[in-house]
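>>> Next come a sequence and a model predicted from it.
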Amino acid sequence: GAGVSQTPSNKVTEKGKYVELRCDPISGHTALYWYRQSLGQGPEFLIYFQGTGAADDSGLPNDRFFAVRPEGSVSTLKIQRTERGDSAVYLCASSQDRAKDTEAFFGQGTRLTVV
Amino acid sequence: GENVEQHPSTLSVQEGDSAVIKCTYSDSASNYFPWYKQELGKGPQLIIDIRSNVGEKKDQRIAVTLNKTAKHFSLHITETQPEDSAVYFCAASTSFGNEKLTFGTGTRLTIIP
């Protein structure tokens, strides 16, 4: 597809379980971003990749959260020992380059519910 | 860190009238201010952005103004249409680009036919 694709679209998991959320950016986009959006709030920055490396992971709330982008394309956000407070929509975005005048395109998000 | 406040949280306007949404930011180093539109079940979509080297930018019915002294920026939508109904978010960053955007809390805009 032409846009940012996130899978799954919905994920329900039990408290304490491990989950992985996947993001397929637009082909050729070197920059990739993860945000978390709680109900009724604006997106909250988690992590930003430039190529394969995490250029800024200052938004990850704690060490239960980890993200990778091993080949500079697909990224996976990993959450260990999930808590009910992790329930939110996780959004991924990509852009051609961080420095140039380019648009960040968002996916539709993965709605994570921890029960 | 940066804090972005957005007002109002909800806004209803008659079709054809104008809508204005306002945001303030706290970090004087912020230099990039995008506005996003989010429809139900979808991710945010960029509608307009402005950088700190200009005070105003317009794209058809949409305009954004920036007052760096007051740390304030606004979205103006003229001749509103039903398809403008959505949640709008302002955001700010210090990187002249998309890294580490700080978003406002959103404005739910409803256009009344």
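Sure, I can see it. Predicted model, so just to flag it, every value in this text is computed and none were measured.

>>> give me every residue that touches residue B:89.
The contact partners of residue B:89, by Cβ atoms under 8 Å, 6 or more residues apart in numbering or on different chains, come to A:42, A:43, B:6, B:35, B:36, B:38, B:44, B:103, B:104, B:106, B:107. Bear in mind the C-beta positions are built from the backbone N, C-alpha and C, glycine included.

>>> what's the helix or strand for the residue nearest the centre of chain A?
Residue closest to the mean C-alpha point of chain A, counted by Cα atoms, centre = their mean, is residue A:34 at 3.3 Å. Using DSSP states H and E, residue A:34 falls within strand A:31-37.

>>> cool, and residue B:16?
Here residue B:16 is assigned to no helix or strand, by DSSP H and E.

>>> and the nearest residue to it once chain neighbours are set aside, what does it touch?
Leaving aside its chain neighbours, residue B:16 sits nearest to residue B:79 (6.0 Å; criterion: Cβ to Cβ, 6 or more residues apart in numbering or on different chains). Residues in contact with residue B:79 (Cβ under 8 Å, 6+ apart) are B:16, B:18, B:61.

>>> shouldn't the second one be in contact with residue B:76?
Yes - with contact defined as Cβ atoms under 8 Å, residue B:18 counts as touching residue B:76 (6.5 Å).

>>> out of those two, which sits in the more crowded spot?
The residue with more neighbours, out of residue B:18 and residue B:76, is residue B:76; 17 against 13, by other Cβ atoms under 10 Å in any protein chain shown.

>>> Excluding chain neighbours, give the residue nearest to that one in space.
residue B:63 (4.5 Å).

>>> Could I get the phi/psi values of the one you found?
When read as degrees, to the nearest 10, the backbone of residue B:63 gives phi -140, psi 150.

>>> Now do the contacts for it.
Here residue B:63 is in contact with B:48, B:56, B:57, B:75, B:76, B:78 (Cβ under 8 Å, 6+ apart).

>>> The fifth one should be in a strand, yeah?
This points to residue B:76. Yes - secondary structure of residue B:76 (DSSP: H, G, I helix; E, B strand; the rest coil): part of a strand.

>>> Against chain A, how distant is it?
Note on residue B:76: its distance to chain A, by Cβ to the nearest Cβ, to the nearest Å, is 20 Å.

>>> Would you mind measuring from that residue to residue B:32?
For residue B:76, the distance to residue B:32 (Cβ to Cβ, to the nearest Å) stands at 19 Å.

>>> The fourth one too?
Using Cβ to Cβ, one obtains 15 Å as the distance from residue B:75 to residue B:32.

>>> ok, these two, which is more surrounded?
Taking neighbours as other Cβ under 10 Å, residue B:75 and residue B:32 compare with residue B:75 leading, 25 against 19.

>>> Could you count how many residues lie near the closest residue to that one other than its chain neighbours?
Leaving aside its chain neighbours, residue B:75 sits nearest to residue B:21 (4.6 Å; criterion: Cβ to Cβ, 6+ apart). Per other Cβ under 10 Å, the neighbour tally for residue B:21 reads 23.

>>> does residue A:78 sit in a helix or strand, and which one?
Assigning secondary structure by DSSP H and E places residue A:78 in strand A:75-79.

>>> in that strand, what counts as buried?
A:75, A:77, A:79 (16 or more other Cβ atoms under 10 Å in any protein chain shown).

>>> Distance to chain B and pLDDT added to the residues you listed, as CSV?
Shown next, in CSV, are the buried residues of strand A:75-79 (distance: Cβ to the nearest Cβ, whole Å; pLDDT from 0 to 100):
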residue, distance to chain B, pLDDT
A:75, 15, 98
A:77, 15, 98
A:79, 19, 98
